[in-house]
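Visitor: Task: produce atomic coordinates for the following.
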Amino acid sequence: MSQPAYDPDNVFAKILRGDLPCHKVYEDDHNLAFMDIMPRCDGHCLVIPKTPARNILDVDDATLSRLAVAVARVARATRRAFAADGLTVQQFNEQAGGQIVFHLHFHVLPRFEGVALRPHTGEMEKPEVLATNAEKIRRALAGA
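Guide: Predicted coordinates:
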């Protein structure tokens with residue numbers, strides 16, 4: 001089965017190019033983490049590679065390895081930042097697998113006992129809330 005081509009005009013590619021803004025949480029030479037603008041919980045962020053990859057089905061091993069390290073780093077900081085009981089890390093592949101944006105990405109969601117995720121309504125969070133949550137995670141990454 002052939003893999004569809006990577007679309008360089010997807011929303012995450014636009015964020016990487018600086019064509020669209022984001023509330024940045026973490027960045028290194030290979031990866032970027034930022035707040036999900038339609039979060040399912042406070043602290044919901046995304047971690048993406050800077051390398052064009054549609055999803056886990058077409059990413060090269062080196063990119064995926066570096067991305068996994070970044071996901072773990074952001075996940076640990078997010079849990080500390082929100083004093084969460086646990087975490088959900090999600091990654092979807094192709095439309096049938098639930099993927100909506102066709103640039104490889106991992107969702108990092110801090111979780112609390114007995115608290116369900118909010119439904120995905122398509123409603124955007126207020127920018128000031130995203131900025132505050134991003135700052136909490138950046139502080140946790142810095143060890144503050």
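Visitor: What is whichever helix or strand Phe12 is part of packed up against?
Guide: Element membership for Phe12, per DSSP states H and E: helix 11-17. If you count contacts as 3 or more Cβ pairs under 8 Å, 6 or more residues apart in numbering; DSSP states H and E, helix 11-17 packs onto strand 31-35, strand 45-49. Glycine gets a C-beta too; all of them are placed from N, C-alpha and C.
Visitor: how about these in a markdown table, adding mean pLDDT?
Guide: Converted to a markdown table, those look like this (pLDDT from 0 to 100):
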| stretch | mean pLDDT |
| --- | --- |
| strand 31-35 | 98 |
| strand 45-49 | 98 |
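Visitor: May I see those organised as a markdown table, with distance to Gly98 and mean neighbour count added?
Guide: What follows is the helices and strands packed on helix 11-17, written out as a markdown table (distance: least, Cβ to Cβ, whole Å; neighbours: other Cβ atoms under 10 Å):
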| stretch | distance to Gly98 | mean neighbour count |
| --- | --- | --- |
| strand 31-35 | 20 | 24 |
| strand 45-49 | 14 | 25 |
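Visitor: Identify whichever of the ones you listed lies nearest to Val89.
Guide: If you check each of the helices and strands packed on helix 11-17 against Val89 by Cβ to Cβ, strand 45-49 wins as the nearest, at 9.0 Å.
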